[in-house]
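Peer 1: Predicted coordinates and the sequence they were generated for:
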Amino acid sequence: EIVVGVAGKGPEEEKLEKLIVDFDLVDNVKLLGYVDDLTEFYNSGKIFLLTSETEGLPRTILESMACQTPTICSNVGDVSDAIIDSDNSFLIDEFDNVESYCDKIKILIDDKDKYSQISNSTRDYVKKHYSHSNAKEVWSSILENLDVR
């Protein structure tokens, strides 16, 4: 059985509630509202899904990856700076291509080795490229190269 947890609140909440009832998904889709403990949220799931039409570089994908949760995300904004498709998570080129999301979910559910490989890669990648120490090095380099007179 697959259960989907949807975190957050927004203007589409009532519409989503109606769709859940209309499609008889009450046992499979849980609207969680605002989530206080994001680490617990990411660790409680097997896959993190972000289907945005527009983004910059969403912190949510970095957080989920830091928790070793394979991520499937629409390839928008700067998302491809963090996700290496099929290596540390999956990118979906067309944000509204439901079949593509389903294909990637199926891979992660059916292929335990692929799931494990991606799960391990997510945390390693975020730790290497998005840690505090890495950010400090990047900003130090930028500041050192400023031509301040």
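Peer 2: That came through fine.
Peer 1: List of residues touching the lowest-mean-pLDDT helix or strand in the chain?
Peer 2: Lowest by mean pLDDT, DSSP states H and E among the helices and strands of the chain is helix 132-144, with a mean of 81. The contact list for helix 132-144 (Cβ atoms under 8 Å, 6 or more residues apart in numbering) reads Lys128. C-beta coordinates here come from the backbone N, C-alpha and C atoms, glycine included.
Peer 1: What of stretch 89-100?
Peer 2: Contacts of stretch 89-100 (Cβ under 8 Å, 6+ apart): 51-53, 61, 65, 70-76, 79-80, 83, 85, 101, 104, 107, 118, 121-122.
Peer 1: Now that we have those residues, which of them are buried?
Peer 2: Members of the contacts of stretch 89-100 that pass the buried threshold by neighbour count (16 or more other Cβ atoms under 10 Å) are listed as 61, 65, 70-74, 76, 79, 83, 101, 104, 107, 118, 121-122.
Peer 1: and the residue lying closest to Phe41 once chain neighbours are set aside, how far is that from Phe95?
Peer 2: Distance criterion Cβ to Cβ, 6 or more residues apart in numbering; nearest residue to Phe41, sequence neighbours excluded, is Val35 at 4.7 Å. With the distance defined as Cβ to Cβ, to the nearest Å, Val35 ends up 23 Å from Phe95.
Peer 1: And for Ser121?
Peer 2: Distance from Ser121 to Phe95, by Cβ to Cβ: 23 Å.
Peer 1: ok, now Val79?
Peer 2: Applying Cβ to Cβ to Val79 and Phe95 gives a distance of 10 Å.
Peer 1: what does Gly5 give?
Peer 2: Taking Cβ to Cβ, one finds Gly5 at 20 Å from Phe95.
Peer 1: do the same with Asn88
Peer 2: Applying Cβ to Cβ to Asn88 and Phe95 gives a distance of 20 Å.
Peer 1: Which one's more surrounded, these two?
Peer 2: Using other Cβ atoms under 10 Å as the criterion, Asn88 and Phe95 rank with Asn88 on top: 21 against 17.
Peer 1: Find the nearest non-adjacent residue to the more buried one, please.
Peer 2: Ser121 (3.9 Å).
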